[in-house]
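*Asks:* fold the stuff below for me.
(one chain, ligands or ions: 1)
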Amino acid sequence: MNMYDIIMKKRNGGALGKEEIEYFIRGYVAGEIPDYQVSALMMAIYFRGMTREETLQLTLSMAHSGDMLDLSKIRGIKVDKHSTGGVGDKTSLALTPMVAACGIPVAKMSGRGLGHTGGTIDKLESFPGFTTGLGEERFIRNVNDIGIAIIGQTADLAPADKKLYALRDVTATVDNMSLIASSIMSKKLAAGADAIVLDVKTGSGAFMKDEKDAVALAEEMVDIGRQAGRNTIAVVSDMDQPLGFAVGNALEVKEAIDTLCGNGPEDFLELCMTLGSCMLMAGGKAEREDQARRMLQEVIENGSALDKFARFIEAQGGDPAAVYNTDLLPQASIVEPVASPCDGYIAHIACDEVGMASLLLGGGRQTKDAEIDLSVGFVLRAKVGDLVRAGEPLAVLYANDKGKAAEAKKRFLSAFHFSEEPVERRKLIRRIMMEK
Ligand code: URA
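*Replies:* Here you go, the predicted structure:
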(Lines give C-alpha, C1' and ligand atoms only; values in the text may rest on other atoms or scores of the structure.)
Protein backbone atom coordinates (compact mmCIF):
# COMPACT_ATOMS: atom_id res chain seq x y z
CA MET A 1 0.00 0.00 0.00
CA ASN A 2 1.27 3.50 -0.71
CA MET A 3 -0.01 7.06 -0.41
CA TYR A 4 0.19 7.81 -4.13
CA ASP A 5 -2.33 5.06 -4.95
CA ILE A 6 -4.65 6.19 -2.14
CA ILE A 7 -4.66 9.79 -3.42
CA MET A 8 -5.27 8.61 -7.00
CA LYS A 9 -8.13 6.31 -5.94
CA LYS A 10 -9.93 9.15 -4.18
CA ARG A 11 -9.13 11.63 -6.95
CA ASN A 12 -10.85 9.25 -9.38
CA GLY A 13 -13.92 9.00 -7.15
CA GLY A 14 -13.27 5.61 -5.51
CA ALA A 15 -14.18 4.67 -1.95
CA LEU A 16 -11.27 4.03 0.43
CA GLY A 17 -11.23 0.86 2.48
CA LYS A 18 -10.63 0.57 6.24
CA GLU A 19 -6.99 -0.51 5.73
CA GLU A 20 -6.24 2.42 3.41
CA ILE A 21 -7.72 4.92 5.87
CA GLU A 22 -5.84 3.39 8.81
CA TYR A 23 -2.62 3.39 6.75
CA PHE A 24 -2.73 7.11 6.00
CA ILE A 25 -3.83 8.15 9.51
CA ARG A 26 -1.15 6.03 11.19
CA GLY A 27 1.52 7.20 8.74
CA TYR A 28 0.56 10.87 9.06
CA VAL A 29 0.59 10.86 12.89
CA ALA A 30 3.94 9.03 12.86
CA GLY A 31 5.40 11.70 10.57
CA GLU A 32 6.02 9.17 7.77
CA ILE A 33 3.57 10.69 5.29
CA PRO A 34 4.30 14.34 4.41
CA ASP A 35 1.83 17.24 4.62
CA TYR A 36 1.79 17.70 0.84
CA GLN A 37 0.44 14.22 0.20
CA VAL A 38 -2.18 14.51 2.95
CA SER A 39 -3.16 17.97 1.59
CA ALA A 40 -3.72 16.40 -1.83
CA LEU A 41 -5.86 13.68 -0.27
CA MET A 42 -7.90 16.23 1.73
CA MET A 43 -8.59 18.17 -1.48
CA ALA A 44 -9.60 14.97 -3.30
CA ILE A 45 -11.97 14.15 -0.41
CA TYR A 46 -13.28 17.73 -0.51
CA PHE A 47 -14.33 17.35 -4.15
CA ARG A 48 -15.21 13.64 -4.26
CA GLY A 49 -16.77 13.28 -0.79
CA MET A 50 -16.82 10.15 1.33
CA THR A 51 -19.41 7.44 1.83
CA ARG A 52 -20.97 6.93 5.29
CA GLU A 53 -18.76 3.87 5.75
CA GLU A 54 -15.58 5.79 4.85
CA THR A 55 -16.54 8.62 7.22
CA LEU A 56 -17.13 6.15 10.05
CA GLN A 57 -13.76 4.47 9.43
CA LEU A 58 -11.97 7.84 9.29
CA THR A 59 -13.62 8.85 12.58
CA LEU A 60 -12.64 5.61 14.32
CA SER A 61 -9.07 5.75 13.02
CA MET A 62 -8.68 9.35 14.22
CA ALA A 63 -10.30 8.60 17.60
CA HIS A 64 -7.87 5.72 18.16
CA SER A 65 -4.83 7.66 16.91
CA GLY A 66 -3.96 8.59 20.53
CA ASP A 67 -5.24 8.01 24.07
CA MET A 68 -8.88 7.16 24.67
CA LEU A 69 -9.98 8.74 27.97
CA ASP A 70 -11.40 6.28 30.47
CA LEU A 71 -14.13 8.05 32.45
CA SER A 72 -15.32 4.93 34.24
CA LYS A 73 -14.08 6.38 37.55
CA ILE A 74 -16.69 9.14 37.25
CA ARG A 75 -20.01 8.21 38.80
CA GLY A 76 -23.16 8.47 36.68
CA ILE A 77 -23.88 8.84 32.98
CA LYS A 78 -21.35 11.29 31.50
CA VAL A 79 -22.84 13.60 28.89
CA ASP A 80 -20.69 15.72 26.59
CA LYS A 81 -21.84 18.64 24.45
CA HIS A 82 -20.28 20.10 21.33
CA SER A 83 -21.10 22.99 19.03
CA THR A 84 -19.95 23.08 15.42
CA GLY A 85 -18.96 26.71 16.05
CA GLY A 86 -20.61 30.09 15.77
CA VAL A 87 -20.56 33.79 16.60
CA GLY A 88 -21.55 34.82 20.12
CA ASP A 89 -21.85 31.13 20.98
CA LYS A 90 -21.18 31.16 24.70
CA THR A 91 -23.50 28.20 25.32
CA SER A 92 -21.06 25.92 27.12
CA LEU A 93 -20.33 28.63 29.71
CA ALA A 94 -23.93 28.74 30.95
CA LEU A 95 -25.13 25.28 29.98
CA THR A 96 -22.47 23.17 31.71
CA PRO A 97 -23.07 24.64 35.21
CA MET A 98 -26.83 24.41 34.64
CA VAL A 99 -26.77 20.69 33.87
CA ALA A 100 -24.08 20.01 36.49
CA ALA A 101 -26.31 21.71 39.10
CA CYS A 102 -29.04 19.25 38.03
CA GLY A 103 -26.72 16.32 38.82
CA ILE A 104 -25.22 15.45 35.42
CA PRO A 105 -21.43 14.99 35.58
CA VAL A 106 -19.88 17.17 32.86
CA ALA A 107 -16.47 15.96 31.65
CA LYS A 108 -15.89 18.15 28.64
CA MET A 109 -13.21 18.78 26.08
CA SER A 110 -13.35 22.25 24.53
CA GLY A 111 -11.46 24.18 21.87
CA ARG A 112 -10.17 27.64 21.04
CA GLY A 113 -11.51 30.10 18.50
CA LEU A 114 -11.28 29.14 14.87
CA GLY A 115 -11.52 31.62 11.99
CA HIS A 116 -14.48 33.92 12.64
CA THR A 117 -15.86 31.65 15.41
CA GLY A 118 -15.05 31.90 19.12
CA GLY A 119 -13.86 29.13 21.44
CA THR A 120 -14.82 28.19 25.00
CA ILE A 121 -11.24 28.00 26.28
CA ASP A 122 -10.37 31.54 25.13
CA LYS A 123 -13.52 32.85 26.81
CA LEU A 124 -12.78 31.07 30.08
CA GLU A 125 -9.30 32.60 30.15
CA SER A 126 -11.08 35.90 30.93
CA PHE A 127 -10.71 34.66 34.52
CA PRO A 128 -7.05 35.32 35.40
CA GLY A 129 -5.25 32.10 36.29
CA PHE A 130 -7.83 29.80 34.70
CA THR A 131 -6.30 26.72 33.06
CA THR A 132 -7.59 23.76 31.05
CA GLY A 133 -4.25 21.99 31.29
CA LEU A 134 -5.43 19.50 33.93
CA GLY A 135 -3.92 16.03 33.99
CA GLU A 136 -6.33 13.11 33.56
CA GLU A 137 -6.35 12.42 37.30
CA ARG A 138 -7.27 15.99 38.29
CA PHE A 139 -9.82 16.17 35.49
CA ILE A 140 -11.62 13.10 36.85
CA ARG A 141 -11.29 14.23 40.48
CA ASN A 142 -12.81 17.64 39.66
CA VAL A 143 -15.79 16.07 37.89
CA ASN A 144 -16.41 13.80 40.89
CA ASP A 145 -15.96 16.63 43.44
CA ILE A 146 -17.60 19.57 41.68
CA GLY A 147 -19.58 18.11 38.79
CA ILE A 148 -17.71 19.90 35.97
CA ALA A 149 -14.25 19.93 34.47
CA ILE A 150 -13.18 21.24 31.07
CA ILE A 151 -9.92 20.33 29.36
CA GLY A 152 -8.36 21.34 26.06
CA GLN A 153 -7.43 18.92 23.31
CA THR A 154 -4.06 17.56 24.37
CA ALA A 155 -1.37 16.23 22.03
CA ASP A 156 -2.37 12.73 23.15
CA LEU A 157 -6.10 12.98 22.45
CA ALA A 158 -7.09 12.40 18.80
CA PRO A 159 -3.69 13.69 17.56
CA ALA A 160 -4.68 12.82 13.98
CA ASP A 161 -7.49 15.38 14.16
CA LYS A 162 -5.17 17.98 15.65
CA LYS A 163 -2.71 17.60 12.75
CA LEU A 164 -5.38 17.26 10.09
CA TYR A 165 -7.34 20.24 11.36
CA ALA A 166 -4.29 22.52 11.22
CA LEU A 167 -3.63 21.31 7.67
CA ARG A 168 -7.26 21.75 6.54
CA ASP A 169 -7.32 25.25 8.03
CA VAL A 170 -4.59 26.39 5.62
CA THR A 171 -5.60 24.35 2.56
CA ALA A 172 -9.25 25.50 2.24
CA THR A 173 -10.59 22.05 3.12
CA VAL A 174 -12.44 22.76 6.37
CA ASP A 175 -16.04 22.94 5.15
CA ASN A 176 -16.53 19.40 3.96
CA MET A 177 -19.22 17.39 5.70
CA SER A 178 -17.31 14.11 6.12
CA LEU A 179 -14.20 15.92 7.32
CA ILE A 180 -16.15 18.00 9.86
CA ALA A 181 -18.17 15.00 11.08
CA SER A 182 -15.07 12.83 11.55
CA SER A 183 -13.11 15.68 13.17
CA ILE A 184 -15.79 16.41 15.77
CA MET A 185 -16.83 12.83 16.45
CA SER A 186 -13.25 11.52 16.74
CA LYS A 187 -12.58 14.00 19.55
CA LYS A 188 -15.88 13.22 21.24
CA LEU A 189 -15.30 9.45 21.09
CA ALA A 190 -11.74 9.82 22.43
CA ALA A 191 -12.99 12.07 25.24
CA GLY A 192 -14.97 9.14 26.60
CA ALA A 193 -18.51 10.39 27.45
CA ASP A 194 -21.44 7.95 27.40
CA ALA A 195 -23.77 10.37 25.64
CA ILE A 196 -23.11 13.26 23.26
CA VAL A 197 -25.35 16.26 22.54
CA LEU A 198 -24.36 18.15 19.38
CA ASP A 199 -25.36 21.71 18.52
CA VAL A 200 -25.10 21.86 14.75
CA LYS A 201 -25.18 25.45 13.55
CA THR A 202 -26.61 26.62 10.27
CA GLY A 203 -26.52 30.04 8.59
CA SER A 204 -24.04 32.76 7.68
CA GLY A 205 -22.04 32.39 10.91
CA ALA A 206 -21.72 28.61 10.65
CA PHE A 207 -19.41 26.35 8.65
CA MET A 208 -22.57 24.78 7.15
CA LYS A 209 -24.31 27.82 5.63
CA ASP A 210 -27.16 25.83 4.15
CA GLU A 211 -29.74 24.20 6.43
CA LYS A 212 -29.94 21.06 4.25
CA ASP A 213 -26.17 20.55 4.68
CA ALA A 214 -26.41 21.14 8.44
CA VAL A 215 -29.17 18.52 8.72
CA ALA A 216 -27.08 16.06 6.69
CA LEU A 217 -24.06 16.75 8.93
CA ALA A 218 -26.20 16.22 12.03
CA GLU A 219 -27.55 12.93 10.64
CA GLU A 220 -24.07 11.74 9.82
CA MET A 221 -22.75 12.51 13.32
CA VAL A 222 -25.75 10.90 15.06
CA ASP A 223 -25.16 7.81 12.91
CA ILE A 224 -21.44 7.69 13.78
CA GLY A 225 -22.29 8.05 17.49
CA ARG A 226 -24.82 5.21 17.26
CA GLN A 227 -22.36 2.92 15.48
CA ALA A 228 -19.73 3.70 18.11
CA GLY A 229 -22.20 2.81 20.89
CA ARG A 230 -22.75 6.36 22.24
CA ASN A 231 -26.21 7.83 22.69
CA THR A 232 -26.01 10.86 20.37
CA ILE A 233 -28.53 13.68 19.92
CA ALA A 234 -28.16 16.60 17.50
CA VAL A 235 -29.94 19.94 17.68
CA VAL A 236 -29.77 22.01 14.47
CA SER A 237 -29.87 25.68 15.50
CA ASP A 238 -29.84 29.02 13.72
CA MET A 239 -26.54 30.89 13.32
CA ASP A 240 -27.71 33.43 10.75
CA GLN A 241 -27.29 36.15 13.36
CA PRO A 242 -25.15 36.20 16.52
CA LEU A 243 -26.48 34.17 19.44
CA GLY A 244 -27.61 36.47 22.26
CA PHE A 245 -26.19 39.99 22.09
CA ALA A 246 -22.53 39.73 23.12
CA VAL A 247 -19.69 38.85 20.72
CA GLY A 248 -16.19 38.86 22.23
CA ASN A 249 -14.58 36.79 24.95
CA ALA A 250 -15.10 38.60 28.29
CA LEU A 251 -18.32 40.20 26.98
CA GLU A 252 -19.70 36.72 26.32
CA VAL A 253 -18.62 35.52 29.77
CA LYS A 254 -20.60 38.41 31.26
CA GLU A 255 -23.68 37.50 29.19
CA ALA A 256 -23.40 33.84 30.28
CA ILE A 257 -23.20 34.97 33.93
CA ASP A 258 -26.22 37.26 33.44
CA THR A 259 -28.07 34.23 32.06
CA LEU A 260 -27.15 32.15 35.11
CA CYS A 261 -28.55 35.03 37.20
CA GLY A 262 -31.86 34.85 35.29
CA ASN A 263 -31.21 37.90 33.08
CA GLY A 264 -30.11 36.27 29.84
CA PRO A 265 -31.21 37.07 26.27
CA GLU A 266 -34.28 35.09 25.23
CA ASP A 267 -32.69 33.21 22.29
CA PHE A 268 -29.59 32.25 24.24
CA LEU A 269 -31.63 31.00 27.21
CA GLU A 270 -33.87 29.01 24.85
CA LEU A 271 -30.84 27.26 23.31
CA CYS A 272 -29.48 26.43 26.78
CA MET A 273 -32.90 25.06 27.77
CA THR A 274 -33.19 22.93 24.61
CA LEU A 275 -29.67 21.49 24.78
CA GLY A 276 -29.88 21.17 28.56
CA SER A 277 -33.12 19.18 28.30
CA CYS A 278 -31.48 16.81 25.81
CA MET A 279 -28.53 16.39 28.21
CA LEU A 280 -30.75 15.72 31.24
CA MET A 281 -32.79 13.16 29.31
CA ALA A 282 -29.68 11.47 27.86
CA GLY A 283 -28.18 11.41 31.36
CA GLY A 284 -31.28 9.78 32.86
CA LYS A 285 -32.17 12.76 35.10
CA ALA A 286 -35.47 13.53 33.37
CA GLU A 287 -37.91 11.49 31.35
CA ARG A 288 -39.68 14.30 29.58
CA GLU A 289 -38.68 17.67 28.21
CA ASP A 290 -41.09 19.68 30.41
CA GLN A 291 -39.62 18.01 33.51
CA ALA A 292 -36.07 18.79 32.35
CA ARG A 293 -36.92 22.43 31.61
CA ARG A 294 -38.39 22.85 35.11
CA MET A 295 -35.21 21.47 36.67
CA LEU A 296 -33.03 23.82 34.61
CA GLN A 297 -35.23 26.80 35.47
CA GLU A 298 -34.99 25.95 39.15
CA VAL A 299 -31.18 25.85 39.27
CA ILE A 300 -31.14 29.33 37.74
CA GLU A 301 -33.75 30.64 40.19
CA ASN A 302 -32.15 29.17 43.32
CA GLY A 303 -28.62 30.33 42.34
CA SER A 304 -27.10 26.84 42.37
CA ALA A 305 -26.05 27.01 38.68
CA LEU A 306 -24.18 30.28 39.32
CA ASP A 307 -22.48 28.82 42.41
CA LYS A 308 -21.55 25.72 40.39
CA PHE A 309 -19.90 27.97 37.79
CA ALA A 310 -17.90 29.79 40.50
CA ARG A 311 -16.69 26.52 42.03
CA PHE A 312 -15.66 25.24 38.59
CA ILE A 313 -13.68 28.43 37.83
CA GLU A 314 -11.92 28.24 41.19
CA ALA A 315 -11.12 24.52 40.84
CA GLN A 316 -9.31 25.26 37.56
CA GLY A 317 -7.19 28.08 38.99
CA GLY A 318 -9.38 31.10 38.13
CA ASP A 319 -10.55 33.83 40.49
CA PRO A 320 -14.26 33.18 41.17
CA ALA A 321 -14.83 36.75 42.46
CA ALA A 322 -15.56 37.88 38.89
CA VAL A 323 -18.51 35.47 38.72
CA TYR A 324 -20.27 37.59 41.35
CA ASN A 325 -18.85 40.93 40.20
CA THR A 326 -18.42 41.06 36.41
CA ASP A 327 -16.66 44.47 36.63
CA LEU A 328 -13.60 42.38 37.56
CA LEU A 329 -13.53 40.79 34.07
CA PRO A 330 -11.15 42.35 31.47
CA GLN A 331 -12.46 45.80 30.47
CA ALA A 332 -11.88 47.73 27.23
CA SER A 333 -10.72 51.37 27.29
CA ILE A 334 -12.82 52.50 24.30
CA VAL A 335 -16.60 52.03 24.56
CA GLU A 336 -18.69 53.66 21.84
CA PRO A 337 -22.00 53.14 20.05
CA VAL A 338 -22.26 51.92 16.46
CA ALA A 339 -25.08 54.00 14.97
CA SER A 340 -27.56 52.72 12.40
CA PRO A 341 -26.97 54.40 9.01
CA CYS A 342 -30.71 54.45 8.16
CA ASP A 343 -34.28 53.81 9.29
CA GLY A 344 -35.58 50.29 8.70
CA TYR A 345 -36.21 46.75 9.86
CA ILE A 346 -33.09 44.61 10.19
CA ALA A 347 -33.49 42.03 7.40
CA HIS A 348 -30.22 40.14 7.66
CA ILE A 349 -26.99 40.16 9.68
CA ALA A 350 -24.01 38.54 7.93
CA CYS A 351 -22.94 36.75 11.04
CA ASP A 352 -19.47 35.71 9.84
CA GLU A 353 -18.74 39.41 9.14
CA VAL A 354 -19.66 40.27 12.74
CA GLY A 355 -17.22 37.54 13.85
CA MET A 356 -14.55 39.01 11.57
CA ALA A 357 -15.17 42.52 12.93
CA SER A 358 -14.60 41.20 16.45
CA LEU A 359 -11.45 39.44 15.24
CA LEU A 360 -10.19 42.75 13.79
CA LEU A 361 -10.53 44.33 17.23
CA GLY A 362 -8.19 41.61 18.54
CA GLY A 363 -10.91 39.27 19.86
CA GLY A 364 -9.70 36.38 17.65
CA ARG A 365 -6.46 35.20 16.09
CA GLN A 366 -5.24 36.38 12.69
CA THR A 367 -2.26 34.03 12.95
CA LYS A 368 -2.03 30.69 14.75
CA ASP A 369 -0.08 31.93 17.78
CA ALA A 370 -1.48 35.48 18.09
CA GLU A 371 -2.51 36.74 21.55
CA ILE A 372 -6.19 37.51 22.02
CA ASP A 373 -7.50 40.73 23.56
CA LEU A 374 -10.16 39.32 25.87
CA SER A 375 -11.92 42.62 26.57
CA VAL A 376 -12.95 43.64 23.04
CA GLY A 377 -16.01 42.93 20.90
CA PHE A 378 -19.56 44.10 20.35
CA VAL A 379 -22.80 44.00 22.30
CA LEU A 380 -25.70 44.14 19.85
CA ARG A 381 -28.68 46.33 20.61
CA ALA A 382 -30.83 45.07 17.73
CA LYS A 383 -31.37 41.80 15.89
CA VAL A 384 -33.20 40.53 12.81
CA GLY A 385 -36.81 41.79 12.74
CA ASP A 386 -36.16 44.85 14.96
CA LEU A 387 -37.06 48.33 13.72
CA VAL A 388 -34.26 50.88 14.10
CA ARG A 389 -34.04 54.61 13.35
CA ALA A 390 -31.03 56.31 11.73
CA GLY A 391 -28.52 57.28 14.43
CA GLU A 392 -29.83 54.80 17.00
CA PRO A 393 -27.23 52.29 18.20
CA LEU A 394 -27.14 48.92 16.46
CA ALA A 395 -24.50 47.86 18.98
CA VAL A 396 -21.88 49.06 21.44
CA LEU A 397 -18.26 48.53 20.39
CA TYR A 398 -15.53 47.69 22.94
CA ALA A 399 -11.93 48.28 21.82
CA ASN A 400 -8.46 49.23 22.99
CA ASP A 401 -7.09 50.73 19.78
CA LYS A 402 -8.64 53.63 17.83
CA GLY A 403 -7.40 52.42 14.41
CA LYS A 404 -8.70 48.89 14.94
CA ALA A 405 -12.01 50.30 16.25
CA ALA A 406 -12.56 52.34 13.07
CA GLU A 407 -11.78 49.39 10.79
CA ALA A 408 -13.92 46.97 12.82
CA LYS A 409 -16.86 49.39 12.94
CA LYS A 410 -16.88 49.61 9.13
CA ARG A 411 -16.83 45.83 8.80
CA PHE A 412 -19.52 45.44 11.47
CA LEU A 413 -21.82 47.90 9.69
CA SER A 414 -21.32 46.11 6.36
CA ALA A 415 -22.90 43.02 7.96
CA PHE A 416 -26.29 44.73 8.42
CA HIS A 417 -28.99 44.71 5.72
CA PHE A 418 -32.22 46.68 6.12
CA SER A 419 -35.75 46.48 4.76
CA GLU A 420 -38.54 49.02 4.67
CA GLU A 421 -41.07 46.22 5.23
CA PRO A 422 -41.46 44.29 8.50
CA VAL A 423 -39.23 41.19 8.64
CA GLU A 424 -40.08 37.90 10.32
CA ARG A 425 -37.92 36.95 13.30
CA ARG A 426 -35.70 33.92 12.82
CA LYS A 427 -36.62 30.55 14.29
CA LEU A 428 -33.78 29.43 16.58
CA ILE A 429 -34.32 25.68 16.90
CA ARG A 430 -34.64 24.09 13.45
CA ARG A 431 -34.51 20.35 14.25
CA ILE A 432 -33.81 17.86 17.03
CA MET A 433 -32.44 14.53 15.85
CA MET A 434 -31.95 11.37 17.84
CA GLU A 435 -30.99 7.80 17.10
CA LYS A 436 -33.65 5.81 15.34
N1 URA B 1 -15.08 21.89 14.56
C2 URA B 1 -14.23 20.85 14.61
O3 URA B 1 -13.84 20.37 15.68
N4 URA B 1 -13.80 20.30 13.45
C5 URA B 1 -14.19 20.76 12.25
O6 URA B 1 -13.78 20.22 11.25
C7 URA B 1 -15.09 21.86 12.21
C8 URA B 1 -15.52 22.42 13.38
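*Asks:* which SSE is immediately downstream of the helix or strand of the chain with the lowest mean pLDDT?
*Replies:* In the chain, no helix or strand scores lower on mean pLDDT, DSSP states H and E than strand 106-110, which sits at a mean of 87. Once strand 106-110 ends, the next helix or strand along the chain (criterion: DSSP states H and E) is helix 120-124.
*Asks:* contacts for that following helix?
*Replies:* Contact with helix 120-124 is made by 90, 92-93, 110-113, 130, 132, 150, 152, 249-250, 252-253, 313, 316, 318, 372, 374, as judged by C-beta atoms under 8 Å, 6 or more residues apart in numbering. Backbone N, C-alpha and C define where each C-beta goes, glycine included.
*Asks:* in strands, which of those residues fall?
*Replies:* Secondary structure from DSSP state E places 110, 150, 152 of those in strands.
*Asks:* show me which of those residues neighbour the ligand.
*Replies:* With C-beta under 6 Å from any ligand atom as the criterion, the ones in strands among the contacts of helix 120-124 include none near the ligand.
*Asks:* chain center to whatever helix or strand residue 188 lives in: distance?
*Replies:* Assigning secondary structure by DSSP H and E places residue 188 in helix 177-190. Centroid separation for helix 177-190 versus its chain: 13 Å, with C-alpha atoms, centre = their mean, to the nearest Å.
*Asks:* give me the helices and strands touching the next helix or strand after it, please.
*Replies:* Next helix or strand after helix 177-190 toward the C-terminus (DSSP H and E): strand 195-202. In this structure, strand 195-202 makes packing contacts with strand 79-83, helix 211-227, strand 231-238, helix 266-282, judged by 3 or more C-beta pairs under 8 Å, 6 or more residues apart in numbering; DSSP states H and E.
*Asks:* and those as a markdown table, adding mean pLDDT, mean neighbour count and distance to the ligand?
*Replies:* Shown next, in a markdown table, are those (pLDDT from 0 to 100; neighbours: other C-beta atoms under 10 Å; distance: least, C-beta to the nearest ligand atom, whole Å):
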| stretch | mean pLDDT | mean neighbour count | distance to the ligand |
| --- | --- | --- | --- |
| strand 79-83 | 92 | 26 | 8 |
| helix 211-227 | 95 | 20 | 10 |
| strand 231-238 | 96 | 25 | 14 |
| helix 266-282 | 97 | 23 | 17 |
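*Asks:* residues in contact with the residue of the stretch 51-200 of the chain found nearest the ligand?
*Replies:* Nearest residue of the stretch 51-200 of the chain to the ligand (C-beta to the nearest ligand atom) works out as residue 183 at 3.5 Å. The contact partners of residue 183, by C-beta under 8 Å, 6+ apart, come to 62, 161, 164, 165, 168.
*Asks:* just residue 432 next, same as before
*Replies:* Residue 432 touches 233, 234, 235, 236, 274, 278, counting by C-beta under 8 Å, 6+ apart.
*Asks:* that one belongs to a strand?
*Replies:* Yes - Residue 432: assigned to a strand according to DSSP: H, G, I helix; E, B strand; the rest coil.
*Asks:* that one and the ligand, how far apart?
*Replies:* Taking C-beta to the nearest ligand atom, to the nearest Å as the measure, residue 432 falls 20 Å from the ligand.
*Asks:* so that residue bridges to which residues?
*Replies:* residue 235 (DSSP bridges).
*Asks:* pLDDT wise, what is it at?
*Replies:* With respect to pLDDT, residue 432 scores 95.
*Asks:* how much space separates residue 283 from residue 44?
*Replies:* Distance of residue 283 to residue 44, computed by C-beta to C-beta, to the nearest Å: 40 Å.
*Asks:* neighbour count for those two, which is higher?
*Replies:* Between residue 283 and residue 44, counting by other C-beta atoms under 10 Å, residue 283 is the more crowded of the two (24 against 21).
*Asks:* for whichever helix or strand residue 405 is part of, packing partners?
*Replies:* If you go by DSSP H and E, residue 405 is part of helix 402-414. With contacts taken as 3+ C-beta pairs under 8 Å, 6+ apart, helix 402-414 sits against strand 334-339, helix 351-358, strand 393-399.
*Asks:* if anything else comes up later, I'll come back, but that's it for now.
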